[in-house]
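Q: next come a sequence and a model predicted from it.
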Amino acid sequence: MSCDLAVVFDVAGTLMEMFRVAKDLGRDTIIKGVVTTDLVMEKDGRALVVPQIDPSEIMNASPYTPLNSFFKGKERYVKISCSSTPISEVEACSILINSEDEVSNLQETLSTVFDHCPQFYYTAGVIVDVELKKVVYSISTGGRPFSDLPDVLNYLKDAGAEIYVASGDSKRSLSVISSYMGINQDHIYPVSTPRRKEEIVLKLKNRCNQVVMVGDGLNDIYALRAADLGVLTIQQDSRPSNDLIKAADVVINNIVELPNLLNGI
């Protein structure tokens, strides 16, 4: 079956206004308003690990539980969202199941997000360093849909567009978002690495006349290049890298600009 138009969205910073918190485990400091991919990409051998675990399970654990105990038996839930260089899930999992860092590090970042965001969308993870064989950051994110998003999605649906979501977030998190936004569950691609997002776009191009990719970060760069129209939104971050700007065909300040942009294709 073919389609006229498919629109693929990233989530964090694209569909949703995000609040991100990291804890630098080496310095024992909390950093608010971080760009998670920047922390990953600043050094080779780093990976963002997003366990497929409900944040409530993390919060209900004893804060003194070491990560090696917490993740024992949960190895299959360890997924890599993005990495600065190729890293396998086996490598990432090995670091977690040998880590003596405590669950309290994850709880601290999650609590900071809970205090800032409404109870809609949360996720938690860690950044591992394969050279150091350590967890270097705990990461937590919370968010809420941009206010104009429902109007944009209604426009796309009325226009007959197929809507997809490709994100590095967990299936649990994306299920909440897709239900709220009325997006077909079969069109949701969780834990999508940058290359996986590119593959999704290329696959859609085989059966759709036009494929649009809408993203906001470095983890969208390959998909932006691969799409018939790559749209970079800077609604969350007004200082994208030059490489990211060059990868996109169009840069927009607000998601509400998307319908007018698509009128021309």
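A: The structure has been received and is ready for your questions. Computed from a predicted model, the values in this text were never measured in an experiment.

Q: give the contact list for residue 75.
A: Applying Cβ atoms under 8 Å, 6 or more residues apart in numbering, we find residue 75 in contact with 93, 97. Where you see a C-beta, it was placed from the backbone N, CA and C, and this is true even at glycine.

Q: can you name the element that comes right after the strand or helix carrying residue 122?
A: Per DSSP states H and E: residue 122 is located in strand 121-129. Once the chain leaves strand 121-129, the next helix or strand it forms, by DSSP H and E, is strand 134-145.

Q: angle of that following strand against strand 121-129?
A: Between the axes of strand 134-145 and strand 121-129, defined by axes from the mean of the first three to the mean of the last three Cα atoms, to 10 degrees, the angle is 160 degrees.

Q: note down every partner strand of strand 134-145 and its orientation.
A: Sheet pairing here is set by DSSP bridges, and for strand 134-145 it gives strand 16-24 (antiparallel), strand 121-129 (antiparallel).

Q: quick check: buried residues in it?
A: Within strand 134-145, the residues that count as buried by 16 or more other Cβ atoms under 10 Å are 134-143, 145.

Q: also stretch 163-176?
A: Neighbour counts over stretch 163-176 (16+ other Cβ under 10 Å) mark 163-170, 173-174 as buried.

Q: centre of the chain to that stretch, how far?
A: 8 Å (Cα atoms, centre = their mean, to the nearest Å).

Q: report how far apart the opening and closing residues of it are.
A: This stretch, stretch 163-176, spans 16 Å end to end (Cα to Cα, to the nearest Å).

Q: and if you look at stretch 191-210?
A: Across its full length, stretch 191-210 reaches 24 Å between end residues, using Cα to Cα.

Q: now swap in stretch 152-165 and tell me
A: Terminal-residue distance, stretch 152-165 (Cα to Cα): 14 Å.

Q: what residues does that stretch touch?
A: Stretch 152-165 has contacts (Cβ under 8 Å, 6+ apart) with 3-11, 15, 174, 177-178, 181-184, 187-189, 200, 204, 208, 255-256, 258-259, 262.
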